[in-house]
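Chemist: The sequence and its predicted three-dimensional model are supplied below.
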Amino acid sequence: MDRSTAVDISATCFAKLTRVSVKQWGYGNVYQRGATWWIVYYVDGVRVRESSKSTDESVAKKLLKERLRRSDGTAARQISIGALLDNLIRDYRINDKSVNWVETVVRLHLRPAFGYLKAAKLGTPEIDRYIDKRLKQKAAGGTINREIALLRRALYIAFESEPPLIARVPKFKLLDETAGIRKGFFELTEYERMVAALSKDIAPVLRFAYWTGCRRGEILNLRWSQFDEAGRIVRLEPGTTKNKEARTIPLSAELLEMFREMKRMHDQFWAWSPWIFSRAGARIRDFRGAWKNACEATGVNRLLHDARRSGVRNLTRAGVQRKIAKMISGHKTDSVFSRYQIVEEQDLHEAMQKLEKLHGADGETRTLTPSRAPEPKSGASANSATSAQKQPQKSHNVNPKS
């Protein structure tokens, strides 16, 4: 039985079981489930079904033709995950992204686990085994998700290349990260202690993050060409932010003075350097050691990203509209923005104090719900209570002329 016959028989049997319409197209099939057209084809003996997400049959045929074209190449059956990881690192380097951490993750985790495997053989079981192994190694859910996301990115680069290097990308299941959401904030005293403990080249990074809520990568990538002293702003260029969109950051008086001092040092000693935040002109890429030492010296257990959360919170506390605050911090949606609006214990106390002020403004205790009158008792007591209740009504009917 040749390959096309096997596909026809399999798809036809599937159609009979699910009562769908099947039409042959090349070496695969298109079929209809409800109003939506689907395609079915084989890659190295593995049946693949995929929705065209369209009610138009021609769209499904076009998609099937593209998938069959991808699955025909011998490279798709021979290329290894290791080669795809090499392409991933090259892609990060070409697009001037932070490649150092990618190389580290690939070297320590992804290549040992997947490098030997043929790309066509990668599936959900292999990915699940990797996740289980990393969990046993006490890796955080967010860390594992970032590693899996790199693997998925490597596969998509191969899938979207021309000619395609792989025929399909398997489904990836990510771990729930809600339990590991970081909730730290810098209080003013903690912020001031850390600024004093950090070196003169790292302290400005924290100060900028605390005032603006910008991300670490956005801060370290700033160049002097983006600083407008007259306008008191810093411009984040398109492609340098997480969402690839340009942003304008206004500078407070404190930040403006800091930038002026840094500019004087830059012009005098290392005018050749384009970087605003630098070590004697050299670009700052990593300062984990300096940060750890400052935390130990001050007893402040915070992350730089806590300054971002604090910056967003401080903007809203200052009465800045959420729309404007998002434009400064770079958040795109309210759901992501609200993730940082984590209520602290002090906020809860302030809320209760406001409630106390409302209820006790005149110095008296107020009852929020009216008390209910007691039920009358039976017998003579009940009759007494009834006459007592009627007495006020009788007094209202007294004739003033009597």
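Modeler: That came in fine, so what should we check first?
Chemist: Could you point out the helix or strand that follows the helix ranked longest in the chain?
Modeler: Looking across the chain with DSSP state H, the single longest helix is helix 141-160. Where DSSP states H and E defines the elements, the next helix or strand beyond helix 141-160 is helix 188-197.
Chemist: buried ones in that following helix?
Modeler: Going by neighbour count (16 or more other Cβ atoms under 10 Å), the buried part of helix 188-197 is 190-191, 193-195, 197. C-beta here means a position set from N, CA and C on the backbone, and glycine is covered the same way.
Chemist: And stretch 196-206, by the same measure?
Modeler: Buried residues in stretch 196-206 (16+ other Cβ under 10 Å): 197-198, 201-206.
Chemist: Secondary structure, distance to E257 and pLDDT added to those residues, as a markdown table?
Modeler: What follows is the buried residues of stretch 196-206, written out as a markdown table (DSSP: H, G, I helix; E, B strand; the rest coil; distance: Cβ to Cβ, whole Å; pLDDT from 0 to 100):
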| residue | secondary structure | distance to E257 | pLDDT |
| --- | --- | --- | --- |
| A197 | helix | 21 | 96 |
| L198 | coil | 18 | 95 |
| D201 | coil | 17 | 94 |
| I202 | coil | 18 | 95 |
| A203 | helix | 14 | 96 |
| P204 | helix | 11 | 96 |
| V205 | helix | 16 | 95 |
| L206 | helix | 16 | 95 |
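Chemist: out of those residues, who's nearest I157?
Modeler: V205 (31.6 Å; Cβ to Cβ).
Chemist: I figured the closest one was touching L220, is that so?
Modeler: Yes - applying Cβ atoms under 8 Å as the test, V205 and L220 come out as touching, 7.2 Å apart.
Chemist: Give the residues shared as contacts by these two.
Modeler: Residues touching both V205 and L220 (Cβ atoms under 8 Å, 6 or more residues apart in numbering): 277, 284.
Chemist: How many neighbouring residues does the nearest residue to R247 once chain neighbours are set aside have?
Modeler: Nearest residue to R247, sequence neighbours excluded (Cβ to Cβ, 6 or more residues apart in numbering): L236, at 4.2 Å. Using other Cβ atoms under 10 Å, L236 has 20 neighbouring residues.
Chemist: Tabulate the buried residues of stretch 196-206 (TSV), appending distance to R90.
Modeler: As requested, these are exported to TSV (distance: Cβ to Cβ, whole Å):
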residue	distance to R90
A197	39
L198	35
D201	31
I202	31
A203	36
P204	33
V205	29
L206	34
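Chemist: any idea which of those is the one closest to Y41?
Modeler: Of those, the one sitting nearest to Y41 (Cβ to Cβ) turns out to be V205, at 51.7 Å.
Chemist: Relative to E245, how far out is that closest one?
Modeler: V205 sits 22 Å away from E245 when distances are taken as Cβ to Cβ, to the nearest Å.
Chemist: thinking again about what came up before, hang on, the residue nearest to R247 packs against S225?
Modeler: No - counting by Cβ under 8 Å, L236 sits too far from S225 to count as a contact (11.9 Å).
Chemist: The residue nearest to R247: what's it in contact with?
Modeler: L236 neighbours (Cβ under 8 Å, 6+ apart): 214, 218, 222, 226, 246-249, 330.
Chemist: On the pLDDT front, check P238 for me.
Modeler: P238 carries a pLDDT value of 75.
Chemist: And it, how far from P112?
Modeler: From P238 to P112 the distance is 37 Å (Cβ to Cβ).
Chemist: before we move on, what about I39?
Modeler: From I39 over to P112 (counting by Cβ to Cβ), the distance is 36 Å.
Chemist: What mean pLDDT does the longest helix of the chain get?
Modeler: According to the model, helix 141-160 has a mean pLDDT of 92.
Chemist: hmm, who's touching it?
Modeler: In contact with helix 141-160 (Cβ under 8 Å, 6+ apart) are residues 70, 79, 81, 84-85, 87-88, 91, 102, 105-106, 109-110, 114, 119, 122, 127, 130-131, 134-135, 164-170, 172, 174-177, 179-180.
Chemist: Weed out the non-buried ones from these.
Modeler: The neighbour count (16+ other Cβ under 10 Å) marks 70, 79, 81, 84-85, 88, 91, 102, 105-106, 109-110, 114, 119, 122, 127, 130-131, 134, 164-168, 175 as buried among these.
Chemist: TSV for the buried residues of helix 188-197, including distance to T298?
Modeler: Compiled in TSV, the buried residues of helix 188-197 are given as follows (distance: Cβ to Cβ, whole Å):
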residue	distance to T298
E190	8
Y191	10
R193	4
M194	6
V195	10
A197	5
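Chemist: for the buried residues of stretch 196-206, which one is nearest K53?
Modeler: V205 (44.6 Å).
Chemist: and the closest one, how far is that from G217?
Modeler: Taken as Cβ to Cβ, the span from V205 to G217 is 11 Å.
Chemist: do Y41 as well
Modeler: 41 Å.
Chemist: Could I have the CA atoms of the longest helix of the chain written out in PDB?
Modeler: Below are the C-alpha coordinates for helix 141-160, written out as PDB (Å, rounded to 0.1, in the frame of the first residue of the first chain):
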ATOM      1  CA  GLY A 141       7.900  27.200  36.900                       C
ATOM      2  CA  GLY A 142       8.700  30.500  35.200                       C
ATOM      3  CA  THR A 143      12.200  29.400  34.600                       C
ATOM      4  CA  ILE A 144      11.100  26.200  32.900                       C
ATOM      5  CA  ASN A 145       8.600  28.100  30.800                       C
ATOM      6  CA  ARG A 146      11.300  30.400  29.500                       C
ATOM      7  CA  GLU A 147      13.400  27.400  28.600                       C
ATOM      8  CA  ILE A 148      10.500  25.700  26.800                       C
ATOM      9  CA  ALA A 149       9.700  29.000  25.000                       C
ATOM     10  CA  LEU A 150      13.300  29.100  23.600                       C
ATOM     11  CA  LEU A 151      12.900  25.600  22.300                       C
ATOM     12  CA  ARG A 152       9.600  26.500  20.700                       C
ATOM     13  CA  ARG A 153      11.100  29.600  19.200                       C
ATOM     14  CA  ALA A 154      13.900  27.500  17.600                       C
ATOM     15  CA  LEU A 155      11.300  25.200  16.000                       C
ATOM     16  CA  TYR A 156       9.300  28.100  14.700                       C
ATOM     17  CA  ILE A 157      12.400  29.700  13.100                       C
ATOM     18  CA  ALA A 158      13.000  26.400  11.300                       C
ATOM     19  CA  PHE A 159       9.300  26.000  10.300                       C
ATOM     20  CA  GLU A 160       9.100  29.600   8.900                       C
END
